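Engineer: How does the following fold in three dimensions:
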Amino acid sequence: MTRSRTRVDAHVKVLDADVVALAKQRGIDALVYAPHFTRFPTIRDRAERFSDDELTVVPAREVFTGDWGNRRHLLALGLSDPVPDFITFEGAMAEFARQDAAVLVPHPDFATVSLTRPEIEAHADSLHAIETYNTKLLPHQNKRALRIARDLDLPGFGSSYAHLKGSVGEAWTTFDESLDTPVEIVDAFREGRPRTVVHRGGLSHRVRGLIEYSHLAYENTWKKADRIFLSGAEPTRPSNVAYEGRFDDVSVYADGLTDYGPG
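Structural biologist: Residues are numbered from 1 along each chain as shown. As a prediction, this is how the structure comes out:
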């Protein structure tokens, strides 16, 4: 398909037939799919399954660097090999560089889960975009992100950051060119091509954002960490056999440790 522009919801956590239908209804041409605690081969397979001539799904990973209490999220597009969570920031960046991935900063300077402004400034040469509009965040938080991007002269991007199906397509990044494949979309982000960040408006958009924001109460609890990461399944733990020991030297947790609680 050839189009004059490409609208990319640049970060979603959910993907099924309902999500695809809503994205198309809202005029979205591509989704960047990066669910938590899911290994990249699974993400890639699911992205391929739900891509078609009308909607491109780009597989990506939101990697948690650092430990749970002080994690820094990085959104990596264009990966060829899996990268685990809970490795050092430096280890993650080195692996992204090896794979020539596009490295985006989601929800900058937010709580204890994001790169701070000094951290972004220190690594600006290795970062390809900063999220300047996130449906999940409050207006003052998005304004702060936009200031950081402008001050550091880094491209912005927008996303619904949808953890709930109904949020898909609430915000997006528009490239004024036809980008028909995941590779083309990744290249556009990596190369810093011109784009516009857009979001829906009105009361329904504000309500949807508040619903997503309230979801943070669950997303950032130790209860969730215990259920997903510490339960024994741990698909994205560096010591998982799938990573073949490649990240043992940059893991932030000692192998075999089962209680990662604070203090």
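Engineer: Only C-alpha atoms from now on, for both contacts and neighbour counts.
Structural biologist: Fine.
Engineer: Endpoint to endpoint, stretch 122-137 covers what distance?
Structural biologist: 24 Å (CA to CA, to the nearest Å).
Engineer: Show residues contacting that stretch.
Structural biologist: The contact list for stretch 122-137 (CA atoms under 8 Å, 6 or more residues apart in numbering) reads 93, 102-108, 120, 142-143, 145-146, 149, 152, 154-162, 167, 170-171, 189-192, 197, 199, 208-213.
Engineer: Looking at those, which are in helices?
Structural biologist: Using DSSP state H, the subset of the contacts of stretch 122-137 located in helices is 93, 120, 142-143, 145-146, 149, 189-190, 208-213.
Engineer: Can you say which of those residues are buried?
Structural biologist: Buried positions within the ones in helices among the contacts of stretch 122-137, assessed by neighbour count (16 or more other CA atoms under 10 Å), are 93, 120, 142, 145-146, 149, 189-190, 208-209, 212-213.
Engineer: what about residue 73, which helix or strand?
Structural biologist: Residue 73 belongs to strand 72-77 when assigned by DSSP states H and E.
Engineer: in the lengthiest strand in the chain, what counts as buried?
Structural biologist: Secondary structure of the chain per DSSP state E: the longest strand is strand 56-65. Neighbour-count burial for strand 56-65 flags 56-65 (criterion: 16+ other CA under 10 Å).
Engineer: what angle sits between that strand and strand 72-77?
Structural biologist: Per axes from the mean of the first three to the mean of the last three CA atoms, to 10 degrees, the angle that strand 56-65 makes with strand 72-77 is 150 degrees.
Engineer: quick one: contacts of strand 56-65?
Structural biologist: With contacts defined as CA under 8 Å, 6+ apart, strand 56-65 is touched by 29-36, 40, 43-44, 47-48, 50-51, 71-79, 83-89, 92, 180-182, 185.
Engineer: what about the strands in the stretch 151-263 of the chain?
Structural biologist: Using DSSP state E, counting those that start in this stretch, the strands assigned to the stretch 151-263 of the chain run over residues 156-159, 171-175, 195-199.
Engineer: Make a markdown table from the ones you listed and add distance to residue 8 to it.
Structural biologist: Shown next, in a markdown table, are the strands of the stretch 151-263 of the chain (distance: least, CA to CA, whole Å):
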| stretch | distance to residue 8 |
| --- | --- |
| strand 156-159 | 8 |
| strand 171-175 | 5 |
| strand 195-199 | 10 |
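Engineer: so of the ones you listed, which one's packed in deepest?
Structural biologist: Most buried of those by mean neighbour count (mean count of other CA atoms under 10 Å) is strand 156-159; its value is a mean of 28.
Engineer: For PyMOL, what selects the buried ones among the contacts of strand 56-65?
Structural biologist: To isolate the buried ones among those in PyMOL, judged by 16+ other CA under 10 Å, type:
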select buried, resi 29+30+31+32+33+34+35+36+40+43+44+47+51+71+72+73+74+75+76+77+78+79+83+84+85+86+87+88+89+92+180+181+182+185
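Engineer: Contacts only, for residue 243.
Structural biologist: Residue 243 sits next to 82-84 when contact means CA under 8 Å, 6+ apart.
Engineer: same question but for residue 169, I mixed them up
Structural biologist: 9, 22-23, 26-28, 159-160.
Engineer: Which ones among those residues lie within helices?
Structural biologist: Of those, the ones assigned to helices by DSSP H are 22-23.
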